[in-house]
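1. how would this look folded up:
(2 chains)
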Number of protein chains: 2
Amino acid sequence: MLEWCNGQPVNGIALRDRGLAYGHGLFETIRVRSAKPRLLDDHLARLKEGCQRLGITVEHSILDAEIAAFCQLIGDGVAKLIVTAGEGARGYAMPSPANSQRILLGSPAPYYAPENSRDGIRVFPCSTRLAIQPRLAGIKHLNRLEQVLARSEWQDPMFAEGLMCDQEGRVIEGVFSNVFIVRNGVLITPALLRCGVAGVMRGLIMRTATRLSIKVEVRDLSWSEFSKADEVFMCNSQYGIWPVRACTEHEWPIGVLTQKLQGEIETILDS
Amino acid sequence: MLEWCNGQPVNGIALRDRGLAYGHGLFETIRVRSAKPRLLDDHLARLKEGCQRLGITVEHSILDAEIAAFCQLIGDGVAKLIVTAGEGARGYAMPSPANSQRILLGSPAPYYAPENSRDGIRVFPCSTRLAIQPRLAGIKHLNRLEQVLARSEWQDPMFAEGLMCDQEGRVIEGVFSNVFIVRNGVLITPALLRCGVAGVMRGLIMRTATRLSIKVEVRDLSWSEFSKADEVFMCNSQYGIWPVRACTEHEWPIGVLTQKLQGEIETILDS
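-> Predicted coordinates:
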């Protein structure tokens, strides 16, 4: 499997890298189709925001060229990009910004059962709650133990995803997805100012809905409101949109708006 | 500088290791004096607890032998131990427990100004707050972005440490230390059930105080109570105890109990 660090094929990273020591870095999981990275601008915009928040400087022109060359070699599959703060002296103090490391990891396209898109999924209600940390909310940093713990809560393959709430009980996201509900024709997705990852597919769906004159609200979402939704779906940049049919004792139909957005997103990704 | 992975001198770790991908691992920073790891049992007990919580299995007899051999080569300095969950398939699901990786990194003993111990320190009040996450509290895992952000808040060397509160304003710990106060002859240290790292030196100080018939309380500590303390000190396994003289507009003397514990801890570490 293809692995690059700073544009070179290597198979390891320094043991003193701050990405390993502290999770001081960011990542993006980019779908590659026909040698082209999909939604790349959105991935890079989130990466840039993350770098700013974590004090990491990355040469974006070099990175762009590396991603393009890497995707040529991948063809079809996934390119996972990791940017770390690199090596520093012992201790938490920021190292020179120039130390940042650019890692690219190639993988085959993940397999998802086609039924997930077509018939919808059942979602496991995770008891692991997302901590409230506004300084890290929204970005895709390398501190992902909450997702590891949440994903370890179920093994039964009948659950395609898990749903996570924050420490105060608001519905936030899936373990590897964002979540939307539809209520009275309005598309609602949780605000991610306290925790959660602002997904690239979430952004595309919001823009697409706005283009279609569907009203979009980004705000807090209680469990009660979630459970009473007309439609529920999850999304990420790999699988697109999965209708959510059930979580705990609640059930939802596959809605008209969900199907409409599925069609639109597929068209965009196929273009 | 000495670097081992699984008992072998190497200088890198796999790019797909979950320690890098998710911070799925733990670390211990062990003081080595005269080729002997200090407070090793306490470090290993915390590591074991962390491994259980994060679903990581480590061969403790092999690890013990590697640490002993590594410390022989270090002589005097620091041995940083990192245990990661190792490589897994793409995604958050736990890999086979057998994949765990044991990393040992040698460094010279860190330099701390002797005035810190003797005259006490001034502490920076960090605005980065610790998120509340009971499932990760107490253990020394690799998700340390909050400490990175907090440490980046000050450059002025007049501050030897920073003080961190949780999201609800309780006093919790330093960026790389634990904190104690003394009030009416009672030693008080924050409970670490919601966030924070249960330091090895913190444990030793609590046991030492109990042996000396000093009453110890582990409980929530408000900023108000902190500011009105008779004595304040910080501690970690590298530098021992630093009296805290000032934080924001508050000032404290170097107290009798702080000095007594400093003497006791020095005797234990020199033995």
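2. which pLDDT value goes with the residue in chain A that chain B sits nearest to?
-> Nearest residue of chain A to chain B, counting by C-beta to the nearest C-beta: A:Gly12, 2.7 Å away. In this view, the C-beta of every residue, glycine as well, is placed from N, C-alpha and C. At A:Gly12, the predicted lDDT confidence score is 92.
3. again with the one 4 residues further on
-> Per-residue confidence at A:Arg16 stands at 95 (pLDDT).
4. rewinding a little: any idea what the residue of chain A closest to chain B is bridged to?
-> Bridge pairing for A:Gly12 (DSSP bridges) gives the partners B:Ala14.
5. in contact with it, which residues are there?
-> A:Gly12 makes contact with A:Cys5, B:Val10, B:Asn11, B:Gly12, B:Ile13, B:Ala14, B:Leu15 under the criterion C-beta atoms under 8 Å, 6 or more residues apart in numbering or on different chains.
6. would you mind measuring from it to A:Leu130?
-> 32 Å (C-beta to C-beta, to the nearest Å).
7. is chain B within reach of the helix or strand hosting A:Val83?
-> A:Val83 belongs to strand A:77-84 when assigned by DSSP states H and E. Yes: contact of strand A:77-84 with chain B (C-beta under 8 Å from any C-beta of the partner chain) involves A:Val78, A:Lys80, A:Ile82, A:Thr84.
8. show me which pair in the residues you listed is furthest apart.
-> A:Val78 and A:Thr84 (19.1 Å; C-beta to C-beta).
9. who has more neighbours, those two?
-> A:Thr84 (29 against 19; other C-beta atoms under 10 Å in any protein chain shown).
10. and stretch A:125-136, what's buried?
-> A:Cys126, A:Thr128, A:Arg129, A:Leu130, A:Ala131, A:Ile132, A:Gln133, A:Arg135, A:Leu136 (16 or more other C-beta atoms under 10 Å in any protein chain shown).
11. intersect these with the contacts of chain B.
-> A:Thr128, A:Arg129, A:Ala131, A:Ile132, A:Gln133, A:Arg135, A:Leu136.
12. what's the most distant pair in these?
-> Greatest spatial distance in those: A:Thr128 and A:Arg135, 20.3 Å, computed using C-beta to C-beta.
13. list the beta-bridge partners for A:Leu26.
-> The partner residues for A:Leu26, given DSSP bridges, come to A:Val83, A:His141.
14. and of the buried residues of stretch A:125-136, the nearest to B:Gln52?
-> A:Thr128 (15.7 Å).
15. how about the nearest residue to the closest one once chain neighbours are set aside, phi and psi?
-> Take A:Thr128 and drop its neighbours on the chain: the residue closest to it by C-beta to C-beta, 6 or more residues apart in numbering or on different chains is A:Ala150, 4.1 Å away. Backbone torsions of A:Ala150, given as degrees, to the nearest 10, read phi -60, psi -40.
16. so who does A:Ala150 touch?
-> A:Cys126, A:Thr128, A:Gly162, A:Met164, A:Val175, B:Tyr92.
17. again, but for A:Ile132
-> Neighbouring residues of A:Ile132 by C-beta under 8 Å, 6+ apart: A:Asp166, A:Gln167, A:Glu168, A:Arg194, A:Cys195, B:Ala131, B:Ile132, B:Gln167.
18. interface residues of the stretch 51-200 of chain A facing chain B?
-> Going by C-beta under 8 Å from any C-beta, the residues of the stretch 51-200 of chain A near chain B are A:54-55, A:78, A:80, A:82, A:84, A:90-94, A:103, A:105, A:107, A:110, A:128-129, A:131-133, A:135-136, A:141-152, A:167, A:175-176, A:195.
19. rerun at 6 Å
-> Residues of the stretch 51-200 of chain A lying close to chain B by C-beta under 6 Å from any C-beta of the partner chain are A:55, A:90, A:92-94, A:103, A:105, A:107, A:131-133, A:135-136, A:141-145, A:147-149, A:151-152, A:167, A:175.
20. drop anything exposed from those residues.
-> Buried among these by 16+ other C-beta under 10 Å: A:92, A:94, A:103, A:105, A:107, A:131-133, A:135-136, A:141-145, A:147-149, A:151-152, A:167, A:175.
21. how does chain A divide into domains?
-> A:3-107, A:114-270 (automatic domain parsing).
22. ok, so of the contacts of A:Ala150, who is nearest B:Glu266?
-> A:Thr128 (41.7 Å).
23. what ranges does the stretch 151-271 of chain A have for its helices?
-> A:200-211, A:223-227, A:256-270 (DSSP state H, counting those that start in this stretch).
24. how far is the first one from where the chain is centred?
-> Computed by C-alpha atoms, centre = their mean, to the nearest Å, the separation of helix A:200-211 from the middle of its chain amounts to 14 Å.
25. buried residues, it. List them.
-> Buried residues in helix A:200-211 (16+ other C-beta under 10 Å): A:Val200, A:Met201, A:Arg202, A:Gly203, A:Leu204, A:Ile205, A:Met206, A:Thr208, A:Ala209.
26. pretty sure A:Val244 contacts A:Val232?
-> Yes: assessed by C-beta atoms under 6 Å, A:Val244 is found in contact with A:Val232 at 4.0 Å.
27. what are the ranges of the helices in the stretch 1-150 of chain A?
-> So, for the stretch 1-150 of chain A - with DSSP H, counting those that start in this stretch - the helices run A:18-22, A:40-54, A:60-74, A:114-119, A:145-151.
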